[in-house]
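Visitor: only the shape, not the letters, is given here:
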Ligand code: FCB
């Protein structure tokens, strides 16, 4: 069973929250995603302005109080506060500090992500994560951002889903920088780990009791397309050990290694051993893998509705049991876990609520087994810009009208608020019984 590791600051009691990221809410004209392929005018506008959060920050933060959540996960957009190499936009940074302070005043724990997929465009063409120079620039930005935020913020996430942006950016080529080069991908991942280690040490340089530092790790429930196929089973084993467990192993051992037959057999020390106060888990779906002996390039992957719950608007299979499986795997990290993202794109509120209910129940089953889980964040507070799909998928608890930018509560926001209220009342009652 998982070792119960102390109580990191900010995570002493269970956090019920919602999550967003700066670019998806605010857009930015200064980051690499604006250079990325743009589908249409609405897409272009959303990349520049997100869903108008900049002009509605306070109004949006007030929704958190309506929901009754304990925490809000948001990110700082690197390209806004460092618009050009060596520059610092104080006004932009002040805005993030203000968000954190407003949350603190409202009794809501700010959980801040320092890197959520986007790099400033001034880095593009010079360097990507495969170049150690990017890690150095990131550290310069992170040092200053943390200095500004540290009075109000106790929980930091250095990186959101390194496995996603490295795999999609350097293997699949579907996210910036749009490459297909495993060697660069390996170096990129190693540099992300090194940057995490440096930021971890920097945040803790004034004592460990002040803040908790983690990463948000995307985990997938991989299953063989056919139970009778040894090759499919083999592909699942490799995908699980690389995609799900690679990051966890690296934090355990301090060495990043990738061993994928025919592709790569490499390892390098990255200095992250034990530099993790909590592990964030982002879980959305189960994925099937099919390996054909004729295709050495890798398995085919797909979603399929095998249990009759249907697929979501992003085509993902709804599979609550997968959350249990990935949380058990995540517990091998030996540090407390926070579900930093879970959610679904559904216009139909009843379907969104069914997803929520089943996943929350799945998480509670794992908590009852004794796995140390300290929080749950729904993705997302409101509909926003989805990386590869633009404005179509509706992940929000609040529905956004993209013409007027009006935010509207939904049956799912009321359901989540009710769930949180009941759970908090139950936890308070059990705390006062044991006190
Ligand atoms: C995750 C991302 C998040 C959001 C959800 C749907 O992979 O971290 O920004 O796009 O998917």
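Guide: On my side now, so go ahead. Being a predicted model, the structure only gives us computed values, none of them experimental. Numbers count the residues shown, from 1 in each chain.
Visitor: distance between the ends of stretch 244-263?
Guide: With CA to CA, to the nearest Å as the measure, stretch 244-263 spans 18 Å from end to end.
Visitor: can I assume residue 47 is in contact with residue 32?
Guide: No - taking CB atoms under 8 Å as the definition, residue 47 is not a contact partner of residue 32, at 10.8 Å. Every residue, glycine included, has its C-beta placed from N, CA and C.
Visitor: now stretch 381-391: mean pLDDT?
Guide: Taken as a whole, stretch 381-391 has a mean pLDDT of 97.
Visitor: tell me if that stretch is near the ligand.
Guide: Yes - interface with the ligand: stretch 381-391 contributes 386-387 (CB under 6 Å from any ligand atom).
Visitor: so the residue nearest to residue 389 when sequence neighbours are not counted, which of the three states?
Guide: The shortest distance from residue 389 to any non-neighbouring residue, by CB to CB, 6 or more residues apart in numbering, is to residue 314 (6.4 Å). Secondary structure state of residue 314, per DSSP: H, G, I helix; E, B strand; the rest coil, is coil.
Visitor: now residue 314: how far from residue 245?
Guide: For residue 314, the distance to residue 245 equals 25 Å [CB to CB, to the nearest Å].
Visitor: just say helix, strand or coil for residue 268.
Guide: Applying three-state DSSP: residue 268 is strand.
Visitor: for it, give me its contacts.
Guide: By CB atoms under 8 Å, 6 or more residues apart in numbering, the residues touching residue 268 are 190, 255-257.
Visitor: same question, residue 221
Guide: Each residue near residue 221 by CB under 8 Å, 6+ apart is listed here: 283, 285-287, 319, 321-322, 325-326.
Visitor: before we move on, what about residue 347?
Guide: For residue 347, the contacting residues are 313, 394, by CB under 8 Å, 6+ apart.
Visitor: figure out the helix or strand that it lives in.
Guide: For residue 347, there is no host helix or strand (DSSP states H and E).
Visitor: ditto for the one 3 residues further on
Guide: Residue 350 is located in helix 349-368, with elements delineated by DSSP H and E.
Visitor: next one: residue 158
Guide: strand 155-160.
Visitor: which helices and strands does that strand pack with?
Guide: Where contact means 3 or more CB pairs under 8 Å, 6 or more residues apart in numbering; DSSP states H and E, strand 155-160 is packed against strand 71-75, strand 109-115, helix 182-203, strand 212-224.
Visitor: which residues touch it?
Guide: By CB under 8 Å, 6+ apart, the list of residues contacting strand 155-160 from outside reads 8-11, 21, 71, 73, 75, 109-117, 142, 146, 192, 195-196, 199-200, 203, 211-216, 280, 282, 340.
Visitor: if you set the cut-off to 7 Å instead, what comes out?
Guide: 10-11, 21, 109, 111-117, 192, 196, 199, 203, 211-216, 280, 340 (CB atoms under 7 Å, 6 or more residues apart in numbering).
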